[in-house]
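> 3D, please:
(chains A and B)
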Amino acid sequence: AQKVTQAQTEISVVEKEDVTLDCVYETRDTTYYLFWYKQPPSGELVFLIRRNSFDEQNEISGRYSWNFQKSTSSFNFTITASQVVDSAVYFCALSEAPAAGNKLTFGGGTRVLVKP
Amino acid sequence: EAGVVQSPRYKIIEKKQPVAFWCNPISGHNTLYWYRQNLGQGPELLIRYENEEAVDDSQLPKDRFSAERLKGVDSTLKIQPAELGDSAVYLCASSSRDRSSYNEQFFGPGTRLTVL
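Predicted structure coming up:
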């Protein structure tokens, strides 16, 4: 069975500080996808980034960056120079290969509070 | 492009009453998902449709929950009778089988159900 663990339940930072969110996953699949979603107070889940299991290259997209390490089954996410609008709950999610159904398994979420 | 539409946004009912939620996915998306999100947790899949066929309903409590997607477009999720433990946010998502999208799921704003 697939499992996603986000050990941090809440993180509080001051604006412009960097925030790193931890995510550890478990799966028996050899092909899978990892995601980060943001859920602002309005409730809608917003897609942020995606990485497939064959590509461990870490990238930066604007103020977002991620560190995917297959050896430790971790997919950490960093917001650089945080802003108040980044305040939300962030979910890490794992998806099996699209051909197998694409079910998303979510972690418990990490609440990020960015103070001005 | 319009996103996933859900209604109602909020619903308050007394236990043992029936309730229904409606979802209209993004135009052209063949796959539709219903998730339940309990307070302080990540969403959990209830049912997944490929067009009008329910291909994964293993997590749907079939004694009281039912769903349909009659024409392969919009969908209804019903609970009858509702129990106190059904209080949660019910999220609808849709995705395309377009390879370039990696089956990325787009979420609606959700329906917040409160059972008294």
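> what's in contact with the lowest-mean-pLDDT helix or strand in chain A?
Averaged element by element with mean pLDDT, DSSP states H and E, chain A has its least confident helix or strand at strand A:60-61 (a mean of 76). Strand A:60-61 has contacts (Cβ atoms under 8 Å, 6 or more residues apart in numbering or on different chains) with A:Ile49. (Glycine included, C-beta is placed from N, CA and C.)
> pull up the pairing partners for whatever helix or strand comes next after that strand, direction included.
Remark: after strand A:60-61, the chain's next helix or strand is strand A:64-69, criterion DSSP states H and E. Paired neighbours of strand A:64-69 in the sheet (DSSP bridges): strand A:60-61 (antiparallel), strand A:74-79 (antiparallel).
> from the chain's centre, how far out does strand A:64-69 sit?
Mean-position distance between strand A:64-69 and its chain equals 9 Å (Cα atoms, centre = their mean, to the nearest Å).
> same thing with stretch B:16-27?
7 Å.
> same thing with stretch B:12-26?
Its chain's C-alpha centre and that of stretch B:12-26 lie 10 Å apart, by Cα atoms, centre = their mean.
> so how far does it reach from one end to the other?
The first and final residues of stretch B:12-26 sit 27 Å from each other (Cα to Cα, to the nearest Å).
> report the contact partners of the residue nearest to B:Gly28 when sequence neighbours are not counted.
Excluding the flanking residues, the one nearest B:Gly28 by Cβ to Cβ, 6 or more residues apart in numbering or on different chains is B:Ser96, at 6.3 Å. Going by Cβ under 8 Å, 6+ apart, B:Ser96 touches B:Ile26, B:Gly28, B:His29, B:Asn30, B:Thr31, B:Asn103.
> no more questions from me, cheers.
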